[in-house]
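# Test case, fold it:
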Amino acid sequence: MPRFEPLPKRRPAIVAGASSGIGEATALQLAARGFPVAVGARRVEKLDELVAKIRAEGGEAVGFHLDVTDADSVKSFVAQSVEALGEIEVLVAGAGDTFFGKLYEISTDEFESQLQIHLVGANRLATAVLPGMIERRRGDLIFVGSDVALRQRPHMGAYGAAKAGLVAMVNNLQMELEGTGVRASLVHPGPTKTAMGWSLPAEKIGPALEDWAKWGQARHDYFLRASDLARAITFVAETPRGGFVANMELQPEAPLTTAPAERQQLKLNEENLKP
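Predicted coordinates for the structure are as follows:
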């Protein structure tokens, strides 16, 4: 006999924060792999476009308004998702934004808003789906963390504190859920090219990039794509019973450096071009 019953063929999934970026890419990837997806975000018009795209490509999707800072919104979203797709087998908790600002310059309210979105909001989603998962003795909680939680960055102190709290929460869930059949995983993106944060004015991003370079946190200018994270998250969701991915960190690969022979040829070419 197998150690575990195999995962069911139909596994409804919730993707929070699906109106753009990593959440949108994850919903598309999961749907392409056969997961029915319920997508949630505050920008409902973006969700309508995403649902239409998934359905046009043969997938199954529904979309509902979701504000993870509002407990009633989370409860309503999960209830609507279950009614439309069936019991939730996979949660991808990735709703959020990022806030640039030095800790001594931002207000406590601004600091607290990051905790509400990235930590408390993730907890609301998890507690909404966990009772059913524990009863069925299976399920995947996948939380989108950040490498900022592992190595703090200047100008992102509020975001980093919230994501570090998320690490502590998920580590506790992993211990407390042991033996229930429910798996809790963290996927940490490194620098990723999405709209989150990068729509800020240059006067905010510029100083941050300078400080990151000073602390050795900006080694090159390549970024991950949202689709890179979507593949990683889907891999976690598709991991067969009997094992689980506790923590995964993705970093952008650096651009290839010029080999010594190539550098020498470039130098010769430059010499030959001189008058």
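# Spatially nearest residue to G94, not counting backbone neighbours?
V144 (3.6 Å; Cβ to Cβ, 6 or more residues apart in numbering). No exception for glycine: its C-beta is placed from N, CA and C like everyone else's.
# State the distance from the one you found to N172.
The spacing between V144 and N172, counted by Cβ to Cβ, to the nearest Å, is 18 Å.
# out of these two, which sits in the busier spot?
V144 (26 against 11; other Cβ atoms under 10 Å).
# quick revisit: quick check: bridge partners of the residue nearest to G94?
Per DSSP bridges, the residues bridged to V144 are V187.
# Does A230 touch A32 like I think?
No. With contact defined as Cβ atoms under 8 Å, A230 does not reach A32; the gap is 9.4 Å.
# So these two - more neighbours on which side?
The neighbour comparison of A230 against A32 (other Cβ under 10 Å) goes to A230, with 23 against 14.
# so which helix or strand takes in that one?
helix 226-237 (DSSP states H and E).
# Going by neighbour count, which residues in whatever helix or strand comes next after that helix are buried?
Sequence-wise, the next helix or strand downstream of helix 226-237 (DSSP H and E) is strand 247-250. Buried positions in strand 247-250, judged by neighbour count with 16 or more other Cβ atoms under 10 Å: 248, 250.
# outside of strand 247-250, which residues touch it?
147, 150, 185-190, 224, 228-229, 232, 236 (Cβ atoms under 8 Å, 6 or more residues apart in numbering).
# Would you give the sheet partners of it, along with the direction of each?
strand 182-189 (parallel).
# elements contacting the helix or strand following the strand it pairs with?
Using DSSP H and E, the helix or strand that follows strand 182-189 in sequence is strand 192-193. If you count contacts as 3 or more Cβ pairs under 8 Å, 6 or more residues apart in numbering; DSSP states H and E, strand 192-193 packs onto strand 224-225, helix 226-237.
# Let me have the ones you listed in JSON lines, adding mean pLDDT and distance to N247 as columns.
Formatted as JSON lines, those follow (pLDDT from 0 to 100; distance: least, Cβ to Cβ, whole Å):
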{"stretch": "strand 224-225", "mean pLDDT": "90", "distance to N247": "17"}
{"stretch": "helix 226-237", "mean pLDDT": "96", "distance to N247": "10"}
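# mind giving me JSON lines with these and columns for distance to G101?
Converted to JSON lines, these look like this (distance: least, Cβ to Cβ, whole Å):
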{"stretch": "strand 224-225", "distance to G101": "24"}
{"stretch": "helix 226-237", "distance to G101": "24"}
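# quick revisit: and the contacts of strand 247-250, which of them are buried?
Neighbour counting over these (16+ other Cβ under 10 Å) leaves 147, 185-190, 224, 228-229, 232, 236 as the buried ones.
# quick one: stretch 80-99 to chain centroid distance?
12 Å (Cα atoms, centre = their mean, to the nearest Å).
# Buried residues in that stretch, which are they?
Going by neighbour count (16+ other Cβ under 10 Å), the buried part of stretch 80-99 is 80-82, 85, 88-96, 98-99.
# go on, stretch 106-126?
For stretch 106-126, a neighbour-count test (16+ other Cβ under 10 Å) marks 106, 111, 113-115, 117-126 as buried.
# Do a quick rundown of the helices in the stretch 101-250 of the chain.
Counting by DSSP state H, counting those that start in this stretch, the stretch 101-250 of the chain has helices at residues 108-115, 121-136, 147-150, 157-176, 202-214, 226-237.
# Ok, which of those comes nearest V15?
Across the helices of the stretch 101-250 of the chain, V15 has its closest neighbour in helix 226-237 (8.9 Å, Cβ to Cβ).
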